[in-house]
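> fold the stuff below for me.
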Amino acid sequence: MASYMDAVAGNHTSQPNYDTRHGGPYDRGSADSYYSRGYHPHYFEGATSTTPRVDLENMTAAEITAYTAGFNDNELFGDKKDWS
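Below is the predicted model of the structure:
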């Protein structure tokens, strides 16, 4: 079974290779899952938090799919921030 980091690196065979750049849809989905922020599709045009944010209503179907894949991949692998 592939690890979460394999999926992030695009080293998986069961799914398309998503752009995993920091701030992109896949990255933001996995981060929202990791930090238990809930499912709220978005991404940043460039670097996270320093470039314009694109929210759900302005995302393409492919971008929403990438966000969802990032979120679901992290949920599947169970990698969560330990806040203790």
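> give me the three-state assignment for the nearest residue to residue 48 once chain neighbours are set aside.
Leaving aside its sequence neighbours, residue 48 sits nearest to residue 23 (CB to CB, 6 or more residues apart in numbering; 4.1 Å). To be clear about C-beta, it is placed using only N, CA and C from the backbone, and glycine gets the same treatment. When classified by DSSP: H, G, I helix; E, B strand; the rest coil, residue 23 comes out as coil.
> residue 39 and residue 71 touch, don't they?
Yes: in this structure, residue 39 is within contact of residue 71 by CB atoms under 8 Å, at 5.7 Å.
> ok, the two, which is more surrounded?
Between residue 39 and residue 71, residue 71 has the larger neighbour count (other CB atoms under 10 Å), namely 24 against 12.
> any idea how far the nearest residue to the more buried one once chain neighbours are set aside is from residue 19?
Distances taken as CB to CB, 6+ apart place residue 29 nearest to residue 71, at 3.7 Å, with adjacent residues excluded. Counting by CB to CB, to the nearest Å, the gap from residue 29 to residue 19 is 12 Å.
> give me the neighbour count for residue 43.
27.
> quick revisit: overlap in contacts of residue 39 and residue 71?
Counting by CB atoms under 8 Å, 6 or more residues apart in numbering, the contacts common to residue 39 and residue 71 are 29, 32.
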